[in-house]
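>>> Here is my input, please return the structure:
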Amino acid sequence: MVRVPLSPEEIRAGQLLGEMLRHARGERTLVQVALGAGISPETLRKIETGRIATPSFMIVAALADELALSLDAIQGTLRRPSGEKLDVAS
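Residues are numbered from 1 along each chain as shown. The predicted structure is shown next:
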């Protein structure tokens, strides 16, 4: 099976998602959040660093629940124009 390369927009969205999740977990460790969401710490590490730029909806939903983020907030972040930085004050 050949995987289609990700577009620059998909790569940027993955980076923004990772940045948002790192900010949302605050003082909690990566392991605490991953286990609370029912995923492996390595999977969360890859999402936070952008190595998994397009995680499944179920993983995103589990992380949103664990971090008390709304899916609307996540979607809004991922739709930011290219180059726009994440507002970590929100």
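
>>> hey, where'd the helices end up in this protein?
8-25, 30-37, 41-48, 57-66, 71-78 (DSSP state H).

>>> contacting residues for the spatially most central residue of the chain?
Among the residues of the chain, the one closest to the centroid is residue 17, at 3.3 Å (Cα atoms, centre = their mean). Going by Cβ atoms under 8 Å, 6 or more residues apart in numbering, residue 17 touches 47, 53, 55, 60, 74, 77, 78. To be clear about C-beta, it is placed using only N, CA and C from the backbone, and glycine gets the same treatment.

>>> returning to what we had before: now for the helices of the chain, which one comes closest to residue 1?
helix 8-25 (18.2 Å; Cβ to Cβ).

>>> could I have the closest one exported to PDB, CA atoms only?
This file holds the C-alpha atoms of helix 8-25, laid out as PDB (Å, rounded to 0.1, in the frame of the first residue of the first chain):
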ATOM      1  CA  PRO A   8       2.000  21.400   3.300                       C
ATOM      2  CA  GLU A   9      -1.400  22.300   4.900                       C
ATOM      3  CA  GLU A  10      -1.700  18.900   6.500                       C
ATOM      4  CA  ILE A  11       1.800  19.100   7.800                       C
ATOM      5  CA  ARG A  12       1.100  22.600   9.300                       C
ATOM      6  CA  ALA A  13      -2.200  21.400  10.800                       C
ATOM      7  CA  GLY A  14      -0.300  18.500  12.500                       C
ATOM      8  CA  GLN A  15       2.200  20.900  13.900                       C
ATOM      9  CA  LEU A  16      -0.500  23.200  15.200                       C
ATOM     10  CA  LEU A  17      -2.300  20.200  16.800                       C
ATOM     11  CA  GLY A  18       0.900  19.100  18.500                       C
ATOM     12  CA  GLU A  19       1.500  22.600  19.800                       C
ATOM     13  CA  MET A  20      -2.000  22.900  21.100                       C
ATOM     14  CA  LEU A  21      -1.900  19.600  22.900                       C
ATOM     15  CA  ARG A  22       1.500  20.400  24.500                       C
ATOM     16  CA  HIS A  23       0.100  23.600  25.800                       C
ATOM     17  CA  ALA A  24      -3.200  22.100  27.000                       C
ATOM     18  CA  ARG A  25      -1.500  19.400  29.100                       C
END
